[in-house]
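[1] Please find the sequence and the predicted model below.
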Amino acid sequence: MSNTKADRAAEKLLVERALTGEGSALRELIDLHKDRLFSFIWRMVRDHHDAEDICQDAFLKAFASLKSFNSDYRFSTWLFTIAYRVCLNKMRRKRALTGDVDFTTLPMASLGVPETVMRSEDAEQVRSLVWDAVEKLTPPQRACVLLFYRHEMSCQELSRVVQLPLATVKSHLHRARAKLREMLEPLTEKDLQVFRNLSVKAG
């Protein structure tokens with residue numbers, strides 16, 4: 001059995017245990033997904049407090065409707081779908097309260113969550129430029145880029161999370177890469193090689 005199949009089997013067992021009301025299974029599901037989920041949410045909303053609230057809300061909504069979970073799919077895909085909806089609602093409410101400000105165009109703030117330490121100042125600068133560019137994508141494009149490249153979801157899984165047709169998801173990825181290439185034009189050929197590699201992956 002591959003690691004992926006083993007992970008899915010273990011995840012499915014946890015869900016089955018959680019459905020019986022086993023509290024420890026709920027805690028294990030949280031521990032299994034909280035870091036990746038928070039990372040995705042934080043990248044979407046760019047606010048630590050909002051990200052914590054959304055992450056908690058996503059888990060609560062998932063556990064409250066656990067009986068409706070379709071075990072043919074990964075629990076993580078379903079959880080990210082819920083979190084994405086909550087993110088969009090939060091962003092819309094915030095925009096309505098603060099006026100016609102497009103938060104996706106604001107400069108990248110300093111990173112507020114732990115990440116792998118970069119090995120050089122140059123690498124850190126490139127990473128900052130990359131995330132600044134990602135910030136300027138539309139919310140659906142940003143979600144597709146984050147989930148596809150950072151969380152390694154397939155286009156089929158992305159389609160379920162963002163609730164868009166597969167062709168639209170692929171279009172978002174292609175348009176996002178085109179925007180990123182344009183915004184990251186000042187980077188060197190060596191720096192941009194990573195995006196060429198990622199483009200091959202998306203097809």
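    Perfect, thanks for sending it. For clarity, every value in this text was computed on a predicted model and none was experimentally measured.
[2] check which helix or strand covers the spatially most central residue of the chain.
    Residue closest to the mean C-alpha point of the chain, counted by CA atoms, centre = their mean, is F40 at 3.5 Å. F40 is part of helix 23-45 when elements are defined by DSSP states H and E.
[3] what's near enough to touch the closest residue to the residue nearest to the centre of the chain other than its chain neighbours?
    Counting by CB to CB, 6 or more residues apart in numbering, F40 lies nearest to L146, which is 5.6 Å off, once chain neighbours are set aside. Heads up, the C-betas are built off the backbone N, CA and C, glycines and all. Listed by CB atoms under 8 Å, 6 or more residues apart in numbering, the contact set of L146 reads F40, R43, M44, V134.
[4] which residue sits closest to the second one in space, ignoring its chain neighbours?
    Spatial nearest neighbour of R43, excluding adjacent residues (CB to CB, 6+ apart): L146 at 5.3 Å.
[5] Now do the SS call for that neighbour.
    Following DSSP: H, G, I helix; E, B strand; the rest coil, L146 is assigned to helix.
[6] The closest residue to F75 other than its chain neighbours - how many residues pack around it?
    Nearest residue to F75, sequence neighbours excluded (CB to CB, 6+ apart): E11, at 5.0 Å. Neighbours of E11 under the rule other CB atoms under 10 Å: 18.
[7] does E11 count as helix, strand or coil?
    Going by three-state DSSP: E11 is helix.
[8] got a pLDDT number for it?
    E11 is assigned a predicted lDDT (pLDDT) of 87.
[9] got a list of what it touches?
    Per CB under 8 Å, 6+ apart, neighbours of E11: L29, L32, R74, F75, S76.
[10] Please apply the same query to K61.
    For K61, the contacting residues are I82, V86, by CB under 8 Å, 6+ apart.
[11] just the helices in the chain please.
    Taking DSSP state H to define them, one finds helices in the chain at 3-19, 23-45, 48-64, 75-98, 121-135, 139-145, 155-162, 166-183, 189-202.
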